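J.: Quick one: sequence plus predicted model below, questions after.
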Amino acid sequence: MSEDETGAGSKGNKLNAQMLGKLLVVAALMFGFGYALVPIYKQICELTGVNILTPKDISVKEISNSQIDRSREVTIEFDANTQGPWRFRPTVASMKVHPGEMTQVVYEVVNKQSYKMDAQAIPSYAPQQAANYFKKMECFCFKQQTLGPNEARQMPVVFYIDPALPKEVKTITLSYTFFEVGVKPQAVSSEGQGRS
């Protein structure tokens with residue numbers, strides 16, 4: 001091997017080592033950026049008030065300090081709407097609760113398709129001012145749901161009504177719209193397959 005070939009080989013190794021170092025730095029920066037994106041996104045959503053999917057942090061202290069107001073009852077009506085091939089409904093149409101009392105309601109959903117689907121539920125309230133007093137501890141609306149072909153699922157909502165709810169509000173309607181997320185895959189032929 002000539003001196004020129006040896007010099008060219010070591011120069012190539014040096015360039016390869018430099019390139020590897022640069023690539024490692026870029027990969028580390030990409031990872032750091034991806035990691036920082038979540039808190040940045042949350043801050044932007046909180047500032048603009050556009051993210052209704054992320055639940056507000058409710059501390060255990062806030063729950064334990066809430067007093068149950070047994071002197072009054074609020075009627076909670078439950079509603080369900082769909083945008084897509086779902087069967088979606090609450091298990092009860094309404095219930096009476098005392099402000100401050102922890103309560104649970106269950107919604108049922110069935111994917112009526114022969115393929116897996118991702119979905120998201122978006123809540124709405126009537127009267128609109130009630131949204132500030134309706135405190136959800138657990139809710140299927142906090143994240144996307146993935147349902148397998150013809151899968152049925154029961155999904156709970158654990159909530160309480162803030163005792164600071166204005167006295168004139170006697171009825172609150174909690175309504176969810178359940179819709180498909182993402183691109184719809186090709187449906188598998190359903191000939192000869194039973195439906196559940």
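T.: Done, it's in. Residues are numbered from 1 along each chain as shown.

J.: ok, the residue nearest to Glu151 when sequence neighbours are not counted to Gln128 distance?
T.: In space, Glu151 comes closest to Asn111 once its chain neighbours are excluded; the distance is 5.1 Å by Cβ to Cβ, 6 or more residues apart in numbering. Backbone N, C-alpha and C define where each C-beta goes, glycine included. Applying Cβ to Cβ, to the nearest Å, the value for Asn111 to Gln128 is 31 Å.

J.: For those two, work out which one has more neighbours and name it.
T.: The neighbour comparison of Asn111 against Gln128 (other Cβ atoms under 10 Å) goes to Asn111, with 25 against 8.

J.: Check the contact between the more buried one and Phe178; I expect there is one.
T.: No. The pair formed by Asn111 and Phe178 falls short of the contact definition of Cβ atoms under 8 Å, at 10.5 Å.

J.: joint contacts of these two?
T.: Overlap between the neighbourhoods of Asn111 and Phe178 consists of Trp86, taking contacts as Cβ atoms under 8 Å, 6 or more residues apart in numbering.

J.: hang on, Ser175 is in a helix, isn't it?
T.: No. Residue state for Ser175 (DSSP: H, G, I helix; E, B strand; the rest coil) corresponds to strand; a helix is not indicated.

J.: Is it bridged to anything, and to what?
T.: With DSSP bridges applied, Ser175 shows beta-bridge pairing to Asp79, Ser124.

J.: Tell me the confidence at it?
T.: In this model, Ser175 is scored at 94, pLDDT.

J.: Find the residue at the geometric middle of the protein.
T.: Using Cα atoms, centre = their mean, the residue of the chain that lies closest to the mean C-alpha position is Lys143, 1.9 Å off.

J.: so how far is Ala121 from that residue?
T.: Look at Lys143 and Ala121: by Cβ to Cβ, they are 10 Å apart.

J.: One more: Val110?
T.: Using Cβ to Cβ, which is the criterion applied here, Val110 is 14 Å from Ala121.

J.: out of these two, which sits in the more crowded spot?
T.: Neighbours were tallied for Val110 and for Ala121 using other Cβ under 10 Å; the higher tally belongs to Ala121 (24 against 17).

J.: doesn't Glu180 make contact with that one?
T.: No. Applying Cβ under 8 Å as the test, Ala121 and Glu180 come out as separate, 11.3 Å apart.

J.: For Glu151, grab the count of nearby residues.
T.: 16.

J.: Isn't it up against Gln113?
T.: No. The pair Glu151 and Gln113 does not pass the contact test of Cβ under 8 Å, sitting 9.7 Å apart.
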